[in-house]
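Engineer: give me the fold of what follows.
(one chain, ligands or ions: 1)
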Amino acid sequence: MLRISRKAESFTESVIREMNRLAVAAGAVSLAQGFPDFACPPELKAAAAEAVAADHNQYAITFGAKPLRDAIAAKTAHFHPGWTVDPDAQISVVNGATEGMIAAMLGLLDPGDEVIVFEPFYENYGPDAILTGAIPRYVTLHEPDWRIDPEELRAAVTPRTRAIVVNSPHNPTGKVFTREELDLVADLCREHDLIAFTDDIYQHLVYEGEHIPLATLPGMAERTVSIDSMSKTYSVTGWRVGWVIASPELTVGVRRVHDFLTVGAAAPLQHAAVAGLTMADAYYDALLAGYRERRDVLLPTLEAAGFRVHRPAGAYYAMTDIRDLTDEDDVAFARRLIADPGVATVPGSSFFSRPELGRTKLRFAFPKRLETLRAAADRLASLAPAARV
Ligand code: PLP
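Structural biologist: Numbers count the residues shown, from 1 in each chain. Okay, here's the model as predicted:
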């Protein structure tokens, strides 16, 4: 009988994308999937058009066009002085952080290896591990501040543990990991000879606290695989240009897999990406200020509507608790909200290996124009206890 593979069978379609589809079909305001509904910087549009006109239309070097790798190394040194990265031996350009993570796991892990993943999680890490043949081991972050319990983390390490995934600022909670927590992770990595896969895609969106790349902690550069992307920092999620920074030894594994997975990211967009990476500091300041404003518009409206809100310190998501609003579970409530009052979110259970941990939660994404956020707020106001009597 014809059938899909056991690996493909073992996970379901992304719930986030499903919610987005339902939202489109229902004409709902979508605060589900995390992509901007506003334009990317005009410099990037112009650079993309120029790159095509300048005939950058054939395969780039598989691990990335040289000008882009140079720009990534320079930007890394600019924002994180002391973290020196060799663009020829340590940077691989990939098709977004999504490819970066799976190419890194496929290139560096073996079937049966265990990978520690914090939950709630960005939903790709589990399937990435499974496609690699590795086994995800989940460690729960504890509310209200999504704290790591050091004992639980230590207990998750077994003789088969090979790696740990760290995503800070964190999707879906907006948590920014503290230096103490990163020190704890780094201690474990050094003690047990683990690789750290860090997803740094929200590194420029930190409202409170600071982004500390794990690779900059003592002894961590050689064992950290740092993944980042154009998607969020430059509002070009559709470009599919990202990169992986790792030691020369680990980079060999990442590049071998990347070569056979995709050959390379879109060549003209790699050239155009340089225009983003070389932007002045003022760009990042304005980006952050814009997101802070969006956060500060959305959060009070969610609270007024009756959600309990976890205030995000970074990234562009707000995790909420729906206990005061409904007895329905997260999926039923999310579906109902799409229909009436017409706002799409993501059910909390999709961020947990044990769905029951997310049954009272919904995630709102706010990379949206203020008018979109206000339209969502107007609709959500009908949920407020006062509006219901
Ligand atoms: N990692 C995290 C934590 C994300 O939230 C997302 C997108 O939402 C991605 C990776 C996807 O990144 P990319 O578009 O670079 O593949």
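Engineer: drop to CA atoms for contacts and neighbour counts, all remaining ones
Structural biologist: Will do.
Engineer: does Asp228 count as helix, strand or coil?
Structural biologist: The assignment at Asp228 comes out as strand when based on DSSP: H, G, I helix; E, B strand; the rest coil.
Engineer: any idea how far it lies from Asp340?
Structural biologist: For Asp228, the distance to Asp340 (C-alpha to C-alpha, to the nearest Å) stands at 37 Å.
Engineer: between those two, tell me which one has more neighbours.
Structural biologist: Asp228 (26 against 16; other C-alpha atoms under 10 Å).
Engineer: run through the bridge partners of the more buried one.
Structural biologist: Trp243 (DSSP bridges).
Engineer: OK, contacts around it?
Structural biologist: Asp228 is in contact with 96-97, 199-201, 242-244, counting by C-alpha atoms under 8 Å, 6 or more residues apart in numbering.
Engineer: and the closest residue in space to Ala215 that isn't next to it in sequence, what is it in contact with?
Structural biologist: Nearest non-adjacent residue to Ala215, counting by C-alpha to C-alpha, 6 or more residues apart in numbering: Ala221, 4.3 Å away. Listed by C-alpha under 8 Å, 6+ apart, the contact set of Ala221 reads 214-215, 246-247.
Engineer: report the two of those separated the most.
Structural biologist: Spanning the widest gap among these are Leu214 and Ser247, at 13.4 Å by C-alpha to C-alpha.
Engineer: quick one: which of these two has more around it?
Structural biologist: The residue with more neighbours, out of Leu214 and Ser247, is Leu214; 25 against 19, by other C-alpha under 10 Å.
Engineer: just to be sure, Val93 is in a strand?
Structural biologist: Yes - per three-state DSSP, Val93 lies within a strand segment.
Engineer: what's around it, how many residues?
Structural biologist: 31.
Engineer: so for the longest helix out of those in the chain, mean pLDDT?
Structural biologist: When the chain is scanned for its longest helix (criterion: DSSP state H), the result is helix 281-305. Helix 281-305 carries an average pLDDT of 97.
Engineer: in what helix or strand does Val257 lie?
Structural biologist: helix 248-262 (DSSP states H and E).
Engineer: now do that helix: which elements does it pack against?
Structural biologist: Here helix 248-262 touches strand 91-94, helix 96-108, going by 3 or more C-alpha pairs under 8 Å, 6 or more residues apart in numbering; DSSP states H and E.
Engineer: nearest to the ligand, of those?
Structural biologist: helix 96-108 (3.4 Å; C-alpha to the nearest ligand atom).
Engineer: quick one: list the elements packing against the closest one.
Structural biologist: helix 125-132, strand 195-199, strand 224-229, strand 242-245, helix 248-262.
Engineer: quick one, strands of the stretch 51-200 of the chain?
Structural biologist: 91-94, 114-119, 135-142, 147-148, 161-167, 195-199 (DSSP state E, counting those that start in this stretch).
Engineer: please identify the deepest-packed of these.
Structural biologist: strand 91-94 (a mean of 30; mean count of other C-alpha atoms under 10 Å).
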